[in-house]
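*Asks:* One predicted model, sequence on top.
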Amino acid sequence: MNRAKRVIGHSVVNIMVIIFSVTCIFPIVWTLYSSFKSKGEFLGNIIGLPKEPQFGSYITAIDLMDFGRKFFNSAFNTIISLLFILLFSMVIGYFLSRYEFKGRAVIYFLILFGMLVPIHGFLVPVYLQFKQLNLLDNRFTLILTYVAFNLPVSVFLMESFMHSIPMDVEEAAIIDGANINQRLFRVVFPMCKPILATIAILAFLNVWNEFSFGLVLINDEALKTLPVSLTVFKGQYEISYPNIMAGLMLSSVPVIAFYLAFSQKVTDGMVAGAVKG
Amino acid sequence: MKNRHTLKMKQSVIWAYIAPGVIWYAFMVIVPLCIMTGMSFFDWRSVIDNKFIGLENFKELMEDRIFKTALLNNIKIILICLVGQVGLGFIVSLLVNSKVLRFAKVHRVAIFLPVILSTVVVGFMWSIVYNNDFGIINAFLRAVGREELARSWLDNSEQVVFLLAVPLIWQYIGYNMVIFLAGLQGIAAEVLESAAIDGANALQRARYITMPLMKNTFFVVIMLCISGNMKIFDHIYIMTNGGPGSSSMVLALYAYKMSFGASRFGYANAVSVSILVISLILIAGLKLVLKEEKNE
């Protein structure tokens, strides 16, 4: 009797979680397989799998979104932003954790402030600032914002990571006559690789997926990013759903592939970013 | 945390190293903050057409019906997400953490997957899900013979806010789940086991042992929920753009429309200031509540 009860209990837990997991991925899977239907087939059969999978929607979506160029823009923004974010957070985090200096408290406050306020509420003032300074529609416009907005959490992660590393190695390096550059890039950098990986993961997802600043600060078609390029489908619902779905999948493939390859690192990184920040 | 001792170096050298990052950051955070606060006192429509009007923008905000709707919608979304993201997220994390669950890792990966998607992608995906003619919800209803329930979901101004919150919950529940799972790992298994031996059932253990021990985790998750939903913009811009009418307007979208639709930049900055101030008040309030709980 007790055993039967336990078996039922176990099955209930398993079934509930299975249903929940399926709910979480079904919209994505549905979007994926529907993108291989022709317009006609989708209209006639919304739920089912495609009978004759075809790639026509992808060709149309690539064309409509100007996919190649937008992909390049997003990749360019992401890579350059990441380099700056990693460099700045490593250097600032290192000095904050290891040295006393004037203005240290101010920097701490600025970082804390940046983590508390919803920086995305700055959309309008940043637009006005960039307009005055003639910084709109530039290849580096978005990089300016993305680097700054990702710094608070990144510096904070780096700073608290440094506390867990003993200073002996650096002191030995100082005795050996290593200058600050050598210490930063030959001693500290290798030790910080794990946290820099976390920072890079967080920043990659943030920058690749960012939408609102990309929408507002860039008007030039040639410089728009991938998420913004999806807005060509806005209001085009009557035209073809599989086209939109193909566009959605195209812009998600890099992040999904990245996630499936490093899922543990990604979840750990996001938890660290939330809990420490 | 303070070091036992710190290394020595010239101030000027230190600043030479950190200055580029600090200046960059200040340029993108402090300058806009000043612009925002300053502009909110102006009737700014263009570079040549602007005048100082003191608190007029804020007075107008108090009377503005759409602003009130937007603020109320932000609060509604926060409350719905507190139940959906935090409450349900906690339950899901307990289930996924359960020893009897098979393939727990697969479930974790699946439930977290929506978190990494772009907000725009999620917005589009769900506007298709909700669509009248081609949405999956209506397709299911028709398939099971309940055609009369099918409708154009997002066109109903009464329910639209709730329906917009569903994709938000869907997207971020996995995020909350992994944060809770990290918190759960900090709880010693012996405590729960001895409670089980004392006859506490799973619900009692969750309520009286796990939850009190995870207060800090709850704080983190609730704060994320508040700050995330105060600035909510992308999903709603894509799904309804504030409609029907302005029934699903939120603050960030209103600021956007006031500046890029109506060219009322001063007023839009006043809206932005209010987003900032209200978020800070909510977060400070939350901290205070938590502190009092600790003192008790």
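*Replies:* Yes, it's here.

*Asks:* counting contacts, what elements does the longest helix seen in chain B pack onto?
*Replies:* Once chain B is assigned using DSSP state H, the helix that runs over the most residues is helix B:265-295. Secondary-structure packing of helix B:265-295 (3 or more C-beta pairs under 8 Å, 6 or more residues apart in numbering or on different chains; DSSP states H and E): helix A:123-132, helix B:11-39, helix B:56-63, helix B:65-81, helix B:215-230, helix B:251-256. Quick note: C-beta positions are derived from backbone N, CA and C, even for glycine.

*Asks:* any idea how far B:Ala262 is from A:Val91?
*Replies:* 43 Å (C-beta to C-beta, to the nearest Å).

*Asks:* Who has more neighbours out of these two?
*Replies:* A:Val91 (21 against 11; other C-beta atoms under 10 Å in any protein chain shown).

*Asks:* Name the helix or strand for that one, please.
*Replies:* If you go by DSSP states H and E, A:Val91 is part of helix A:67-98.

*Asks:* C-terminal to that helix, which secondary structure element comes first?
*Replies:* Per DSSP H and E, the helix or strand that comes after helix A:67-98 is helix A:104-116.

*Asks:* contact partners of that following helix?
*Replies:* Contact partners of helix A:104-116, identified using C-beta atoms under 8 Å, 6 or more residues apart in numbering or on different chains, comprise A:92, A:96, A:149, A:151-153, A:155-156, A:277, B:18, B:22, B:25-26, B:29-30, B:227, B:280, B:283.

*Asks:* 10 Å instead?
*Replies:* When contacts are defined by C-beta atoms under 10 Å, 6 or more residues apart in numbering or on different chains, helix A:104-116 is touched by residues A:92-93, A:95-96, A:101, A:103, A:119, A:148-156, A:159, A:273, A:276-277, B:14, B:18, B:21-22, B:25-26, B:28-30, B:33, B:223, B:227, B:276, B:279-280, B:283-284.

*Asks:* Would you mind listing which of these are buried?
*Replies:* A:92-93, A:95-96, A:101, A:119, A:148-156, A:159, A:273, A:277, B:14, B:18, B:21-22, B:25, B:28-29, B:33, B:223, B:227, B:276, B:279-280, B:283 (16 or more other C-beta atoms under 10 Å in any protein chain shown).

*Asks:* What's the per-residue pLDDT of the nearest residue to B:Met9 once chain neighbours are set aside here?
*Replies:* In this structure, B:Met9 finds its nearest non-sequential neighbour in A:Tyr99, 5.9 Å apart by C-beta to C-beta, 6 or more residues apart in numbering or on different chains. In this model, A:Tyr99 is scored at 88, pLDDT.

*Asks:* Which parts of chain A belong to which domain?
*Replies:* By the assignment in automatic domain parsing, chain A contains the domains A:2-44, A:66-234.

*Asks:* Report the buried residues of stretch B:98-106.
*Replies:* B:101, B:104.

*Asks:* picking up where we left off before, the domains of chain A: which one's closest to A:Met249?
*Replies:* domain A:2-44 (5.3 Å; C-beta to C-beta).

*Asks:* average model confidence for the closest one?
*Replies:* 89.

*Asks:* gap between it and the chain center?
*Replies:* 26 Å (C-alpha atoms, centre = their mean, to the nearest Å).

*Asks:* quick one: B:Asn229 and chain A, what's the gap?
*Replies:* For B:Asn229, the distance to chain A equals 9 Å [C-beta to the nearest C-beta, to the nearest Å].

*Asks:* Next, the contact list for that residue, please.
*Replies:* A:118, B:73-82, B:85, B:165, B:168, B:172, B:250, B:279.

*Asks:* same question, B:Phe260
*Replies:* A:123-124, A:127, A:215-216, B:268.

*Asks:* tell me the centre residue of the chain?
*Replies:* Picked chain A for this. The residue lying closest to the centre of chain A (C-alpha atoms, centre = their mean) is A:Leu205, at 1.0 Å.

*Asks:* try again with chain B
*Replies:* Chain B, centroid-nearest residue using C-alpha atoms, centre = their mean: B:Gly228 at 2.3 Å.

*Asks:* ok, and the closest non-adjacent residue to that one?
*Replies:* Per C-beta to C-beta, 6+ apart, closest to B:Gly228 is B:Tyr172, 7.2 Å.

*Asks:* Report the buried residues of the helix or strand hosting that neighbour.
*Replies:* Assessed by DSSP H and E, B:Tyr172 sits inside helix B:160-185. Going by neighbour count (16+ other C-beta under 10 Å), the buried part of helix B:160-185 is B:160-161, B:163-184.
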